[in-house]
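*Asks:* coordinates for the following, if possible.
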Amino acid sequence: ALLFQPVLLRCHFQVGTSGPPPIVTWKYKSFCPSPASGDTWGGPESAAGGDTQGTCPDSARTVRIVATKQGDTVTLGDFYRGRPVTIRGGAELSLGPAAWGDSGYYICTVTSTQDLQGNNEAVAELVVLSET
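*Replies:* Sure thing, here's the model as predicted:
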């Protein structure tokens, strides 16, 4: 994504039973610290063939809740309050203008108390670039 441009991360799901609306949670995980900073972990890894969430432990990166949604109610995490961030449609995360600190992994989790089948988690990698 380009710096200061809107970002939309998609997360699609389908529930097989009726009941209360599922809870959609978007979580942010920063990339692993870079080798240049003196650690032993790599930066972002390719989703093709590698671990899509990097190789360092969560304790070595920033992890935070971006937003949750149940029905029409969206709740933002503390870091995202005051920014044009929301969950649109079923589970699409809209970040508004991208900022430098937005680069990282975004994990979408859909939890339904009525439907426990299938995979309920997806990961998107976001890299924010300047126009120059």
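
*Asks:* does the residue sitting nearest the centre point of the chain belong to a helix or a strand, and which?
*Replies:* With distances taken as C-alpha atoms, centre = their mean, the chain has residue 106 as the residue nearest its mean C-alpha position (1.8 Å). Per DSSP states H and E: residue 106 is located in strand 104-111.

*Asks:* pairing partners for the very next helix or strand once past that strand, with directions?
*Replies:* Using DSSP H and E, the next helix or strand after strand 104-111 towards the C-terminus is strand 121-126. Paired with strand 121-126 in the same sheet, following DSSP bridges, are strand 104-111 (antiparallel).

*Asks:* now the partner strand: average pLDDT?
*Replies:* The pLDDT scores in strand 104-111 average 96.

*Asks:* let the chain start at 9 from now.
*Replies:* From this message on, residue numbering opens at 9, which makes the last subject strand 112-119.

*Asks:* contacts for it next, please.
*Replies:* 17, 19, 21, 30-39, 60-62, 69-70, 74, 99, 101, 128-134 (C-beta atoms under 8 Å, 6 or more residues apart in numbering). (Glycine included, C-beta is placed from N, CA and C.)

*Asks:* okay, now residue 97: neighbour count?
*Replies:* Neighbour count for residue 97, taken as other C-beta atoms under 10 Å: 12.

*Asks:* from the contacts of strand 112-119, which ones fall inside strands?
*Replies:* 17, 31-37, 74, 101, 129-134 (DSSP state E).

*Asks:* quick check: the farthest pair among these?
*Replies:* Maximum pairwise distance among these (C-beta to C-beta): 23.3 Å, between 31 and 133.

*Asks:* between those two, which one's more packed in?
*Replies:* Each of residue 31 and residue 133 has its neighbours counted (other C-beta under 10 Å); residue 133 has more, 17 against 14.

*Asks:* number of nearby residues for the closest residue to the more buried one other than its chain neighbours?
*Replies:* Sequence neighbours aside, residue 113 is the residue nearest to residue 133 in space, at 5.7 Å (criterion: C-beta to C-beta, 6 or more residues apart in numbering). Using other C-beta under 10 Å, residue 113 is surrounded by 21 other residues.

*Asks:* run through the residues that contact residue 102.
*Replies:* When contacts are counted by C-beta under 8 Å, 6+ apart, residue 102 touches 14-16, 92-96.

*Asks:* if anything else comes up later, I'll come back, but that's it for now.
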